[in-house]
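> Predicted model and sequence below, questions to follow.
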Amino acid sequence: MLKIKNLKAAVDGTEILKGLNLEVKAGEVHAIMGPNGSGKSTLSKVVAGHPSYEVTAGDVEFEINFKYKNLLELSPDERAKEGVFLAFQYPVEVPGVSNIKFLQTAFNSVCKHQGSKALNEEDFLVFLKEKAKIMGMKDDFFYRAVNAGFSGGEKKKNEILQMAVLSPRVAFLDETDSGLDIDALRVVSNGINQLKNKHNAIVLVTHYQRLLDYIKPDYVHVLSDGKIIETGDFNLAKKLEDKGYDWLVH
Amino acid sequence: MTELKSHLKNDYKYGFVTEIESESFKKGLNEEVITQISQVKNEPQWMLDSRLKAFKYWQTLKEPRWPEFDYPEINYQDIIYYSAPKKNVEEKKSLDELDPELLKTFEKLGIPLQEQKRISGVAMDVVFDSVSVGTTHKEILDEAGVIFCSISEAIQKYPELVKKYMGTVVPYKDNFFAALNAAVFTDGSFCYIPKGVTCPMDLSTYFRINAEETGQFERTLLIADEGSFVNYLEGCTAPMRDSNQLHAAVVELVAMERAEIKYSTVQNWYAGDKDGIGGIFNFVTKRGRCLGNDSKISWTQVEAGSAITWKYPSCILQGDRSEGFFYSVALTHDKMKADTGTKMVHVGKNTKSTIIAKGISTDQSQNSYRGQVKMMKSASGARNYTQCDSMLVGDESNANTFPVIDVGNKSAIVEHEASTSRISEDQLFYLQTRGLDLEESISILVNGFCKDVFKQLPLEFSVEAVKLIEMKLENSVG
């Protein structure tokens, strides 16, 4: 579904990704771990198309129903419409715009592109209520301004709600577990597990193994200095938790 | 990309010039010019006397320089004070007989004047340079007893009303530009809504500056008699020129007992080019007096044009329980400078005022809110709520707030809230990763920010205002 080949990317002239390779297939869950500054967040942002990052080499190939697209040629909204999703580490506040209005606009933009029917306000509310159940979110949440004044936990839940609404083909979840207490972590993980199916793929970007106790990855990758230096299964995550990154990096 | 950007920014679609034969006075300002203006308008002696009195006073004044920025000295002797299309203006019988060039101009501006093409539901007075070229839908208004005509016509036909109210809200001694306007005003609208009448349609004045080196001195007077209601809209555009032009208007509103006036403006004067060359100096005094008990005046403005805007639509809340409202969106881009806000003067008991001001500044522009809330000793139980929000786009623009609160009555309550935010690359990226394209992203951000003001505008105006702001912002952000 997603093939990243020899990806190199820089921000303000400093190279962060230095030839990264990663292949993600439908139905898979990947975890990307690594020390601070290894390029984990950069990878998510580059895949989503953040304008501050300059791709200096490599390809990001995205395949849907045997059609191939070079993601790097698409604008961030076009990537989203093709089914790429990024759950932000720090979700952005949008004052004055209600969550429901935002979600409906986003949903309908994606629907329009994918040739499915847009929903009117009434139908969208029904649809949204259904999705919000997954995260145990109440209706009053819909009418608050997007992320404005949300607690850290609420922001992260809102990211997963957006994922539920947009049902992406591949979702990068950038440190979705950070800033969550144990209960919230359980709710959020549970939500992600419900959204997982054999047609989509999830890439978890995280520092800690604890998220992986809730969402079982098929692959665990270790990112260091802009490259994937080790790939394994869940046991690799456990080993990292015990021994830290040093034994790999050196 | 830079090239595209600057190209887009000059895309001011109202910037064309109408080739029309005009009759203009020579440049310069003196008693003779003022007498000429009065003569060409066939004014009674009292009007001329009042102009000359204002002129004498104006000569003793110095141009105010309170804002934080510099702007080129205005040479008042280098301005043409009267310019009017030659043909058809004085003795036209119907608007259909107007000079075809004029009809074409207004059609291009989106306001067809011919009988069959007119916008239904809105009566228009159209001011081109120094004269009103006509007013639509007169018949329907006549039937309701509503007077809506140019101020020049009102001076001829309704001298008693004009004499009684003109200068009572904005006296000529009010400020430099009010004195200048009182001396040299050339046209504008007059409106009187009789007792108990809800105006059968919205009233609207469209101001167009066309001639070069000409100043436009608009004078508008609106009187809403007891228990009446009127919705009034105002729009303005001008051609793109390299030299600055002055628009110094005075607008006075009077609301009697239980009367309500809603006054909305979408101001889109030419703002100058990206280097700040040219554009209109929009120096305007707008004020309403809630004379009667339980009267209401609301000012809603979308300020999106002009090189410099100084404008403080204000309310004097004289009647008990009268209410004043000020809703404003001011957008500045490139080198524009806007200094706008309001004054709410609470005189009567239990008077209320609401101020919602939104400023959006982009590029190297400067955008200030300047406001005063004054609770007089007599204003027992008066209340004010003020909310000022600024949004910055990019990191070169500038936003300021200068609120003054003056409370002379212990029972009065004043609330003030303010915020500053930024349309950031991160915000746009966030929205885009959810499938909204750049246009939709900007639109949703701006709509969210300005929502409280836009919802005060009449529907058609609101759609136009949203589009105007989006278009201007897209050029700045994209």
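That came through, no problem.
> so residue B:196 sits right up against residue B:227, yeah?
Yes - the pair residue B:196 and residue B:227 qualifies as a contact (Cβ atoms under 8 Å) at a distance of 4.6 Å. Where C-beta positions appear, they are placed from N, C-alpha and C, glycine not excepted.
> which one of those two has more residues nearby?
residue B:227 (19 against 13; other Cβ atoms under 10 Å in any protein chain shown).
> Assess the claim that the more buried one and residue B:255 are in contact.
No - using Cβ under 8 Å, residue B:227 and residue B:255 do not qualify as a contacting pair, with a distance of 10.4 Å.
> Can you tell me the element the closest residue to chain A within the stretch 101-250 of chain B falls in?
Proximity of the stretch 101-250 of chain B to chain A (Cβ to the nearest Cβ) peaks at residue B:233, 24.7 Å away. Remark: residue B:233 resides in strand B:229-237, with elements defined by DSSP states H and E.
> again, but for residue B:310
Using DSSP H and E, residue B:310 falls within strand B:308-311.
> Those residues of chain A touching chain B, which are they?
Proximity of chain A to chain B is assessed by Cβ under 8 Å from any Cβ of the partner chain, with A:48-52, A:75-77, A:79-81, A:84-86, A:88, A:91-92, A:94-97, A:101-102, A:105-107, A:109-110, A:113, A:145, A:162, A:166 identified as the residues in range.
> can you rerun that using 6 Å?
For chain A, the contact set with chain B under Cβ under 6 Å from any Cβ of the partner chain comprises A:48, A:50, A:76-77, A:80-81, A:86, A:92, A:96-97, A:106, A:109-110.
> Among those, which one has the most neighbours?
Looking at these with neighbours defined as other Cβ under 10 Å, the largest count falls to residue A:86 at 29 neighbours.
> so what's that residue closest to, chain neighbours aside?
If you skip the residues right next to it in sequence, residue A:86 has residue A:48 as its closest partner in space, 4.0 Å away by Cβ to Cβ, 6 or more residues apart in numbering or on different chains.
> my guess is the one you found meets residue A:87, correct?
No - Residue A:48 sits out of contact with residue A:87 when judged by Cβ atoms under 6 Å, with a separation of 10.0 Å.
> now the residue positioned nearest the centre of chain A, which residues is it bridged with?
Closest residue to the average C-alpha location of chain A: residue A:172 at 2.2 Å, with Cα atoms, centre = their mean. Beta-bridge pairing of residue A:172, defined through DSSP bridges, involves residue A:86, residue A:203.
> list the contacts for it?
A:44, A:47, A:86, A:203 (Cβ atoms under 6 Å, 6 or more residues apart in numbering or on different chains).
> Now for residue A:144, how many residues are close by?
Counted with other Cβ under 10 Å, residues neighbouring residue A:144 total 15.
> ugh, wrong one, I meant residue A:198
As a burial measure, the neighbour count of residue A:198 was computed by other Cβ under 10 Å and equals 8.
> which ones are touching it?
Contact partners of residue A:198, counting by Cβ under 6 Å, 6+ apart, are residue A:27.
> pLDDT score for it?
Confidence per residue is given as pLDDT, and for residue A:198 that number is 92.
> which SS state does it fall under?
Three-state secondary structure (criterion: DSSP: H, G, I helix; E, B strand; the rest coil) places residue A:198 in coil.
> how about low-confidence regions in the stretch 201-350 of chain B?
Low-confidence segments of the stretch 201-350 of chain B (pLDDT under 70): none present.
> Around chain A, which positions in it sit nearby?
Counting by Cβ under 6 Å from any Cβ, the stretch 201-350 of chain B has no residue next to chain A.
> Mind telling me which residue of the stretch 201-350 of chain B is nearest chain A?
Shortest the stretch 201-350 of chain B-to-chain A distance, computed as Cβ to the nearest Cβ: residue-wise this is residue B:329, at 12.3 Å.
> would you say that residue is within a strand?
Yes - assessed by three-state DSSP, residue B:329 belongs to a strand.
> that older thread, so which elements touch the strand holding residue B:233?
Judged by 3 or more Cβ pairs under 6 Å, 6 or more residues apart in numbering or on different chains; DSSP states H and E, the packing partners of strand B:229-237 are strand B:202-208, strand B:260-267.
> For my notes, please list these in JSON lines and give mean neighbour count and distance to residue A:132 for each entry.
Compiled in JSON lines, the helices and strands packed on strand B:229-237 are given as follows (neighbours: other Cβ atoms under 10 Å in any protein chain shown; distance: least, Cβ to Cβ, whole Å):
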{"stretch": "strand B:202-208", "mean neighbour count": "23", "distance to residue A:132": "42"}
{"stretch": "strand B:260-267", "mean neighbour count": "23", "distance to residue A:132": "39"}
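> Most neighbours among the contacts of residue A:172, which one is it?
residue A:86 (29 neighbours).
> That's all I had, so thanks and see you.
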